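>>> What follows is a predicted protein model with its sequence.
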Amino acid sequence: MCGIVAYNGNRSAYPILISGLKKLEYRGYDSTGVSILNGNLNTYKRKGKVNDLEDFIGSKDLKGTLGIGHTRWATHGAPNHINAHPHSSEDGKLVLVHNGIIENYDLLKSSLEDLGHTFKSDTDTEVLVHLIEEYKNSQDLNTRDALIKALNKVIGAYAIVLIDKDSPNILYGARKSSPLVLGIGENEHFIGSDATPIVEYTDQVVYLEDEQVVEIVKDKGYTILDLEKNEVDIEVHKIDLKIEELEKGGYDHFMLKEIFQQPQTILESMRGRINAKEEWVQVGGLTENLDRFQNADRIIFVACGTSWHAALVGEYLFEELARIPVEVEYASEFRYRNPILTENDVVIVLSQSGETADSLAALELAKSKGAMTYGLVNVVGSSIARMTDSGSYMHSGPEIGVASTKAFTSMLTVLSLMAIQLGREKNLILDDSYLEYIYELESIPNKVSAILEVNDKIKYIAAEVKGAQNALYLGRGFNFPIALEGALKLKEISYIHAEGYPAAEMKHGPIALIDLYMPVIIIATNKSAYDKIISNIEEVKARKGTVIAIVDEDDVRIKQLADYTITIPRTQEIFSPLLSIIPLQLLSYHIAVMRGCHVDQPRNLAKSVTVE
Ligand code: AGP
């Protein structure tokens, strides 16, 4: 959601904050701000992006070695200068940045107003900083104890960083249900809402747990406490994240870079988990829990957005290959609808970020009911990865573009491996098919590379349909979730209204929308339903719709029927989503660029949704 970066050390804080905020911008880009302590507390904030803040600050001399910064995705209060973080206390001595939502802010605000506090912004965050001030002054507490007292009072989610002008050597941080990472350097410390602003300086990090507070004293070190003020033992982790992974690497956009990385990222997701020569598939995490999986009454996938689409493909894969009943749930619905869950269920949470609030809450619910929980996560050390009983990382590297691409294909890769391993363990996959699956899956990265080579043709098609106001995506079987994902990609970055449907559902309603101006993108690679897909195409053509078909290389008939075709290499139907999504990602990308949209930072969106 929002991005947080803070520094306490001996270097100048401002450049570190600005460079950190640029790396965090994918988390939110409505407004930005920094506060730097140098005798005085200097706070600058701006509506818009980090560049706008930099222009605003210009050549002002921002000295100081203690500072905090924030990039915002608005929840409470419009995105404007006043609601931008940092927020300060009544007397201006405390400044605070926050990611999350203080749910009882309204009640707290009225009681603080009764005590004489006045508020400048519409944010919940400003209430929290006033509350800390109130405890500090009225109960004569030190800043740390006032902070802890305030955190015991608030309901909701927070990752915060705080500076007190009266304690010029100290930086405070705290988290509950929103991530916060402490970076430990040589006589210097960093705080980030994830590790991206920190990796440039150190690879030693601590992932704060819920309801923990960190106090960092310059040249002395840090202490971590719980909300009862007990010191807690923590583990320092070494992160394996390289700074180049956070740069565009010559591409115009992160999204394009990430689309083009997929041959490599799919390979990374397979690495050490499949071996054609030795004829095995082994997914760590699953291997240690085979009994639980094989004997599960049900597997329930919970996820949001693109990860939910990957889960739908997972359902097809697990039921087809391993014959285990699967249900796929939106995390946001699952968490509130009192689902029937038992100890014999396995709940798999899919999440690129590992921080999505609804997915986290669904995971907590599953745990409370005794189900086994398994995480399929990309971000190492994220909350979901740490809270699940077991799991597998996707290893796709940092995904910065708000529209998820490479994380999706990595999820599909790991799900394919898991389904094959489970099917084999259950003796449902015989030798020949087992080998065929293994060889075919190993060939997928090269086939993805082949699709990327037709980028120019996809760009040409994008130019033909870029003016559309609506689009329909159709697919059957394993490619129905790809129709949903293709539609989501188009709407989130180009703002064209798009819907995905199982192809056969078209005649039950959406067909009414088809006219000359409606592009219909049909994934037509399934051999098992080929004739039926041809009928769907005929139905669209009869209504003058424009058909863009994704077809196999040896296709003949659809090439004659469709207005445009994009050819992809042949693969087994169970793996076809790994290929058919690639041209749809590229099509959305080019359409969005041609429409002048901000591809990596689409309006109103943020990369990880850490609030409800
Ligand atoms: C994908 O393009 C989206 N921006 C979004 O739907 C995303 O997949 C969703 O918010 C879930 O995120 P997660 O995988 O990090 O949990």
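Received the coordinates, thanks.

>>> Pull the number of nearby residues for the one residue in the stretch 251-400 of the chain that gets nearest to the ligand.
Residue of the stretch 251-400 of the chain nearest the ligand, by Cβ to the nearest ligand atom: residue 305 (1.9 Å). Yep, even glycine has a C-beta here, placed from its N, CA and C like the rest. By other Cβ atoms under 10 Å, the residues close to residue 305 number 22.

>>> Show me what the lowest-mean-pLDDT helix or strand in the chain is in contact with.
The weakest-scoring helix or strand in the chain, judged by mean pLDDT, DSSP states H and E, is helix 530-542 (a mean of 88). Contacts to helix 530-542, defined as Cβ atoms under 8 Å, 6 or more residues apart in numbering, come from residues 474, 476, 503-504, 506-507, 511, 514, 520, 522, 524, 526, 547, 549, 557-558, 561-562.

>>> And it, how far out from the chain middle?
36 Å (Cα atoms, centre = their mean, to the nearest Å).

>>> after it comes which helix or strand?
For helix 530-542, the succeeding helix or strand toward the C-terminus, using DSSP states H and E, is strand 546-552.

>>> thinking again about what came up before, just the buried members of the contacts of helix 530-542?
474, 476, 503, 506, 511, 514, 520, 522, 524, 526, 547, 549, 558, 561-562 (16 or more other Cβ atoms under 10 Å).

>>> In these, find the pair that's most separated.
Distance extremes for the buried ones among the contacts of helix 530-542: the farthest pair is 514 and 526 at 21.3 Å, using Cβ to Cβ.

>>> So which of the buried ones among the contacts of helix 530-542 belong to strands?
Among these, the ones falling in strands (DSSP state E) are 474, 520, 522, 547, 549.

>>> The ligand: which of those residues is nearest?
residue 474 (19.9 Å).

>>> What distance do you get for residue 129 to the ligand?
29 Å (Cβ to the nearest ligand atom, to the nearest Å).

>>> so what's the closest residue in space to that residue that isn't next to it in sequence up against?
Distance criterion Cβ to Cβ, 6 or more residues apart in numbering; nearest residue to residue 129, sequence neighbours excluded, is residue 96 at 4.2 Å. Residues in contact with residue 96, defined by Cβ under 8 Å, 6+ apart, are 68, 85-88, 125, 128-129, 132, 160-163.

>>> Show me which residues of the stretch 351-500 of the chain sit near the ligand.
With Cβ under 6 Å from any ligand atom as the criterion, the stretch 351-500 of the chain meets the ligand at residues 351-353, 356, 359, 402-404, 492.

>>> want to try a markdown table for the residues you listed, with pLDDT and neighbour count as columns?
Shown next, in a markdown table, are these (pLDDT from 0 to 100; neighbours: other Cβ atoms under 10 Å):
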| residue | pLDDT | neighbour count |
| --- | --- | --- |
| 351 | 97 | 33 |
| 352 | 96 | 29 |
| 353 | 93 | 25 |
| 356 | 92 | 29 |
| 359 | 96 | 30 |
| 402 | 91 | 22 |
| 403 | 95 | 29 |
| 404 | 97 | 28 |
| 492 | 96 | 22 |
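
>>> So which of those residues belong to helices?
Judged by DSSP state H, these include 359, 492 as members of helices.

>>> from the residues of the stretch 351-500 of the chain next to the ligand, which is closest to residue 34?
residue 402 (23.0 Å).

>>> Now do stretch 309-322: distance to the chain's middle.
21 Å.

>>> can that stretch be found next to the ligand?
No. Contact of stretch 309-322 with the ligand (Cβ under 6 Å from any ligand atom) is absent, the minimum separation being 8.1 Å.

>>> can you list contacts of that stretch?
By Cβ under 8 Å, 6+ apart, stretch 309-322 touches 299, 301-303, 324-328, 348, 350, 408, 411-412, 415-416, 418-420, 422-423, 426, 428-429, 477-478, 480-482, 484-485, 488, 574, 577.

>>> how about the contacts of residue 96 in JSON lines, adding secondary structure and pLDDT?
Formatted as JSON lines, those follow (DSSP: H, G, I helix; E, B strand; the rest coil; pLDDT from 0 to 100):
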{"residue": "68", "secondary structure": "strand", "pLDDT": "97"}
{"residue": "85", "secondary structure": "coil", "pLDDT": "94"}
{"residue": "86", "secondary structure": "coil", "pLDDT": "96"}
{"residue": "87", "secondary structure": "strand", "pLDDT": "97"}
{"residue": "88", "secondary structure": "strand", "pLDDT": "96"}
{"residue": "125", "secondary structure": "helix", "pLDDT": "94"}
{"residue": "128", "secondary structure": "helix", "pLDDT": "97"}
{"residue": "129", "secondary structure": "helix", "pLDDT": "97"}
{"residue": "132", "secondary structure": "helix", "pLDDT": "98"}
{"residue": "160", "secondary structure": "strand", "pLDDT": "97"}
{"residue": "161", "secondary structure": "strand", "pLDDT": "98"}
{"residue": "162", "secondary structure": "strand", "pLDDT": "98"}
{"residue": "163", "secondary structure": "strand", "pLDDT": "98"}
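
>>> quick one: the strands in the stretch 51-200 of the chain?
For the stretch 51-200 of the chain, the strands defined by DSSP state E, counting those that start in this stretch occupy 66-72, 87-88, 94-102, 156-164, 170-176, 181-184, 189-192.

>>> and residue 202, which of the ones you listed is closest to it?
strand 181-184 (4.9 Å).

>>> hang on, the residue of the stretch 251-400 of the chain closest to the ligand packs against residue 491?
No. Using Cβ atoms under 8 Å, residue 305 is not in contact with residue 491; the gap is 11.5 Å.

>>> Please identify the buried residues of stretch 485-497?
Quick answer for stretch 485-497 (16+ other Cβ under 10 Å): 485-494, 496.

>>> Send me that stretch as PDB with only the CA atoms.
The C-alpha coordinates for stretch 485-497 follow below in PDB (Å, rounded to 0.1, in the frame of the first residue of the first chain):
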ATOM      1  CA  GLU A 485      -6.400 -12.700 -16.400                       C
ATOM      2  CA  GLY A 486      -6.100 -11.200 -19.900                       C
ATOM      3  CA  ALA A 487      -9.100  -9.000 -19.200                       C
ATOM      4  CA  LEU A 488      -7.700  -7.900 -15.800                       C
ATOM      5  CA  LYS A 489      -4.400  -7.000 -17.400                       C
ATOM      6  CA  LEU A 490      -6.100  -4.800 -20.000                       C
ATOM      7  CA  LYS A 491      -8.400  -3.000 -17.600                       C
ATOM      8  CA  GLU A 492      -5.900  -2.200 -14.900                       C
ATOM      9  CA  ILE A 493      -3.300  -0.600 -17.200                       C
ATOM     10  CA  SER A 494      -5.300   0.800 -20.200                       C
ATOM     11  CA  TYR A 495      -8.600   1.600 -18.400                       C
ATOM     12  CA  ILE A 496     -10.500  -0.200 -21.200                       C
ATOM     13  CA  HIS A 497     -13.400  -2.100 -19.800                       C
END
